[in-house]
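Engineer: predicted structure and sequence below. I'll ask about it afterward.
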Amino acid sequence: MLSIVFGLIAMSLGFWGLVRYWWYMVDVLIAILPLLLIVSGAIALLAGIRNTGMRTSFKLKKGAVAEEEPATRKKDE
């Protein structure tokens with residue numbers, strides 16, 4: 001019961017602050033939007049690269065020769 005009361009008080013103070021300081025909130029949203037676009041674009045890029053199946057050879061040991069990529073298997077018909 002106590003958490004419900006504190007939750008309602010916090011929500012009412014939040015709404016009051018949102019209405020009272022609306023232009024500050026708009027400035028914050030404008031500042032955060034490019035950062036969200038950069039982060040979501042990087043995540044989408046990494047997910048797209050991972051789904052293509054491309055492999056990198058960053059983990060080669062010294063003196064080891066890079067192996068060729070294995071041939072793709074045919075799907076069962």
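Structural biologist: Thanks, I have it. Residues are numbered from 1 along each chain as shown.
Engineer: the chain: helices as residue ranges?
Structural biologist: With helices called from DSSP state H, the chain shows them at 2-20, 22-52.
Engineer: how about TSV for those, with mean pLDDT and mean neighbour count added?
Structural biologist: (C-beta placed from N, C-alpha, C; glycine too.) Output for those, formatted as TSV (pLDDT from 0 to 100; neighbours: other C-beta atoms under 10 Å):
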stretch	mean pLDDT	mean neighbour count
helix 2-20	93	10
helix 22-52	90	10
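Engineer: for residue 35, see how far away residue 47 is.
Structural biologist: For residue 47, the distance to residue 35 (C-beta to C-beta, to the nearest Å) stands at 19 Å.
Engineer: repeat that for residue 49.
Structural biologist: Look at residue 49 and residue 35: by C-beta to C-beta, they are 21 Å apart.
Engineer: can you check residue 26 too?
Structural biologist: 16 Å.
Engineer: same thing with residue 45?
Structural biologist: Plainly put, residue 45 is 16 Å away from residue 35 if you go by C-beta to C-beta.
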